[in-house]
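S.K.: Make a model of this:
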Amino acid sequence: MSKHLVLVGGGHAHLTAIKNLSVFTRAGHNVTLISASPFHYYSGMGPGMLSGTYHPSQVRFHVRKMAEDRGASFVEDKVVKIDPVRHVLFLQSGSAVIYDVVSFNTGSEVPVASIADAEQDNIVPVKPVVNLLKARQTILESIRKGETWKYAVIGGGPAGLEICANLWRLLYANRGKGTIKLIAGEKLMPGAPEKVRRLALSSLAGRGVEIIEGSFVKSIKQNGVALTDGRTLEFDLAFAAIGIRPARLFAESGLPTGADGGLLVNAHLRSVAHNDIFGGGDCVSLQGKPLAKVGVYAVRENPILFHNLQAALDGGEMMTFKPQPHYLLIFNMGNGRGIFWKKDWVWDGRLAFVLKDYIDNRFMRMFQVSGEREDKPEVTE
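M.R.: Predicted coordinates:
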């Protein structure tokens with residue numbers, strides 16, 4: 001019997017399902033992809049897009065074209081509420097979509113409202129990744145005008161580190177003038193081994209980046225960051241990399257959620273309360289084992305989610321997602337070098353960046369099946 005599969009979001013965990021949508025349509029099912037954008041940008045290469053190491057066409061998937069080429073419908077919109085009893089998704093546009101099976105991969109957001117009085121054009125949340133493309137264009141325009149800007153990067157974790165390093169490269173490569181201050185909170189890379197932290201500090205400080213540790217952001221007002229030590233730092237453009245959290249969609253719809261607000265799913269990536277609701281990536285919380293918000297888990301969930309959506313529609317056994325205990329991180333330091341970190345193994349150098357570049361491009365080639373790299377002009381969507 002024909003059923004309606006709805007995919008909400010075109011993120012990493014949905015890419016295998018989107019690439020193989022014809023499997024569902026050939027089986028007689030209708031498929032709809034709902035996404036806020038026709039493109040999905042790969043977060044692992046986002047900082048490199050900011051610096052210009054990568055062209056936008058290298059960093060994104062044309063999920064609309066992927067879906068439509070495989071017989072699915074695409075709806076450019078955002079789900080704002082779920083009725084799990086009547087199987088209805090309510091959209092921001094005011095319309096509604098009825099589903100038999102739905103899967104969410106909507107990513108996460110930066111809680112800027114927790115530190116900023118109001119939304120400001122010169123505060124750039126690092127998610128969604130397309131924000132980095134818009135920031136790049138803004139910065140290049142200021143450079144063309146000969147302006148000297150003060151930049152602030154708020155957050156001392158991996159995102160803050162890579163944004164800071166690649167912001168430096170953007171200015172350096174385009175002969176831009178300005179100062180960069182990284183407000184790290186307690187300290188830079190607090191959850192990493194000491195060697196990672198030492199390498200990161202040395203790399204940034206060696207390029208003139210001022211790193212502020214031992215002080216937190218108290219609030220942000222127009223062009224000024226108030227710190228808990230009493231100082232106020234002026235800025236022309238600030239990047240907010242203060243951590244991420246799932247949208248409140250699931251909690252506000254009355255679905256069970258984890259401590260972080262993500263859709264609570266079991267090892268089949270299925271809602272613990274509703275058998276027809278699935279999810280993957282940053283927007284879910286795995287029951288009994290909350291995971292770090294790193295892309296590697298979403299990538300590993302890819303084939304599991306694809307298989308289990310088929311099983312939910314047509315019957316069959318579910319596959320179990322088993323997150324690996326350790327994973328590799330390589331940080332793009334914006335100067336052609338990287339910092340490699342897996343368990344206690346830490347080193348840096350050009351080879352680390354070459355390895356990261358190879359891994360990232362291999363992943364992109366697997367799913368860039370809609371002529372993405374043929375798009376050469378820089379886009380603003």
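S.K.: Every contact and neighbour count from this point should use C-alpha atoms.
M.R.: OK.
S.K.: mind listing what's buried in the host helix or strand of Asn308?
M.R.: Assigned by DSSP states H and E, Asn308 belongs to helix 295-314. The neighbour-count check on helix 295-314 (16 or more other C-alpha atoms under 10 Å) flags 295-310, 312-313 as buried.
S.K.: Show me the contact partners of whatever helix or strand comes next after it.
M.R.: Per DSSP H and E, the first helix or strand lying C-terminal to helix 295-314 is strand 329-332. Identification of contacts with strand 329-332 by C-alpha atoms under 8 Å, 6 or more residues apart in numbering yields 47-48, 158, 162, 165-166, 338-342, 352-353, 356.
S.K.: from these, which is closest to Ala205?
M.R.: Checking the contacts of strand 329-332 against Ala205 with C-alpha to C-alpha, the nearest one is Ala165 at 10.2 Å.
S.K.: quick one, helices of the stretch 1-150 of the chain?
M.R.: 15-19, 21-26, 46-51, 56-59, 63-69, 130-144 (DSSP state H, counting those that start in this stretch).
S.K.: packing partners for the fifth one?
M.R.: Applying 3 or more C-alpha pairs under 8 Å, 6 or more residues apart in numbering; DSSP states H and E, one finds that helix 63-69 makes contact with helix 15-19, strand 39-41, strand 73-76.
S.K.: now for these, which one comes closest to Gln58?
M.R.: Between Gln58 and these, the tightest spacing by C-alpha to C-alpha is seen for strand 39-41, at 9.2 Å.
S.K.: Ala72 is in contact with Ile34, correct?
M.R.: No - with contact defined as C-alpha atoms under 8 Å, Ile34 does not reach Ala72; the gap is 10.5 Å.
S.K.: which residues of this protein score low on pLDDT?
M.R.: 375-381 (pLDDT under 70).
S.K.: Could you state which residue of it sits nearest its centroid?
M.R.: Ser43 (4.6 Å; C-alpha atoms, centre = their mean).
S.K.: now Asp357: how far from Ala13?
M.R.: 20 Å (C-alpha to C-alpha, to the nearest Å).
S.K.: Pick out whichever of those two has more residues nearby.
M.R.: Neighbours per residue, other C-alpha atoms under 10 Å: of Asp357 and Ala13, the larger number sits with Ala13, 30 against 18.
S.K.: Quick one: residues contacting that one.
M.R.: Counted by C-alpha under 8 Å, 6+ apart, Ala13 has contacts Asn105, Gly280, Gly281, Ala298, Val299, Arg300, Glu301, Asn302, Leu305.
S.K.: Need the max-distance pair from these.
M.R.: Asn105 and Arg300, at 13.4 Å, using C-alpha to C-alpha across these.
S.K.: chain center to the helix holding Asn308, what's the gap?
M.R.: Centroid displacement of helix 295-314 relative to its chain, using C-alpha atoms, centre = their mean, to the nearest Å, is 18 Å.
S.K.: who touches it?
M.R.: 3, 12-17, 24, 43-44, 101, 268-269, 276, 278-282, 317-321, 323, 327.
S.K.: Please export the alpha-carbon coordinates of it; CSV is fine.
M.R.: Extracted C-alpha coordinates of helix 295-314, given in CSV (Å, rounded to 0.1, in the frame of the first residue of the first chain):
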residue,chain,number,x,y,z
GLY,A,295,29.1,15.5,12.5
VAL,A,296,30.7,12.1,12.6
TYR,A,297,27.7,10.6,14.3
ALA,A,298,25.3,12.0,11.8
VAL,A,299,27.4,10.6,9.0
ARG,A,300,27.4,7.1,10.7
GLU,A,301,23.6,7.3,11.2
ASN,A,302,23.1,7.8,7.4
PRO,A,303,22.7,4.2,6.3
ILE,A,304,20.9,3.2,9.5
LEU,A,305,18.2,5.8,9.0
PHE,A,306,17.8,4.9,5.3
HIS,A,307,17.4,1.2,6.2
ASN,A,308,15.0,1.8,9.1
LEU,A,309,12.8,4.1,7.1
GLN,A,310,12.4,1.3,4.5
ALA,A,311,11.6,-1.1,7.3
ALA,A,312,9.0,1.2,8.7
LEU,A,313,7.3,1.5,5.4
ASP,A,314,7.5,-2.0,4.0
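S.K.: Packed most tightly, which of the helices of the stretch 1-150 of the chain would that be?
M.R.: helix 46-51 (a mean of 27; mean count of other C-alpha atoms under 10 Å).
S.K.: Noted, bye for now.
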